[in-house]
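Enquirer: How does the following fold in three dimensions:
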Amino acid sequence: QVQLLESGGGLVQAGGSLRVSCATSGRTFTENIMAWFRRAPGKERTFVAAITASTGITNYADSVKGRFTISRDNVNDTVYLQMNSLIPEDTAVYFCAADVHRRFTLTRNENEYDYWGRGTQVTVSS
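Expert: The predicted structure is shown next:
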């Protein structure tokens, strides 16, 4: 069974940092685009960041650019999201996703992603 498992969420004060991870099982995603999305309370799920497979090209939502960094470890087939300078508006459930149809063209459209994790809660207190 293919699974994406997020971890590393928690409660942090505004201005702090947190790193969430996405581990995979059931198949390898080292040649696929990986992304993070988030769903804030009462809002729809939105794009946060994405990264290509071997070239490591990234794309970020404007709201997190300069504060968040997406990276991947293709040896361990794990994707990370380093979040710095967190603000209360970053409070959300963070989801990991995989796009198995593209390798180099990043998309922000959640409908283009094929596999999803269940999410990890990140709460930023003011």
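
Enquirer: From now on I want contacts and neighbour counts done on CA atoms only, so please keep to that.
Expert: OK.

Enquirer: Secondary structure class of the most centrally placed residue in the chain, three-state.
Expert: A centroid search over the chain (Cα atoms, centre = their mean) returns residue 36, at 2.2 Å, as the residue closest to the centre. For residue 36, the secondary structure call by DSSP: H, G, I helix; E, B strand; the rest coil comes out as strand.

Enquirer: what do you get for residue 111?
Expert: Classification of residue 111 by three-state DSSP places it in helix.

Enquirer: Tell me the spacing between it and residue 76.
Expert: Look at residue 111 and residue 76: by Cα to Cα, to the nearest Å, they are 26 Å apart.

Enquirer: any low-confidence regions in the protein?
Expert: Across the chain, no stretch falls below the confidence threshold (pLDDT under 70).

Enquirer: hmm, back to that, need the contact list for the closest residue to the residue nearest to the centre of the chain other than its chain neighbours.
Expert: Leaving aside its sequence neighbours, residue 36 sits nearest to residue 96 (Cα to Cα, 6 or more residues apart in numbering; 4.7 Å). With contacts defined as Cα atoms under 8 Å, 6 or more residues apart in numbering, the neighbours of residue 96 are 4, 5, 6, 22, 34, 35, 36, 37, 116, 117, 118, 119.

Enquirer: same check, this time on residue 20
Expert: Residues counted as contacts of residue 20 (Cα under 8 Å, 6+ apart) are 6, 7, 8, 9, 80, 81, 82, 120.

Enquirer: Residue 60 now?
Expert: 47, 48, 49, 50.

Enquirer: Between residue 111 and residue 76, point out the one with more neighbours.
Expert: Neighbours per residue, other Cα atoms under 10 Å: of residue 111 and residue 76, the larger number sits with residue 76, 11 against 8.
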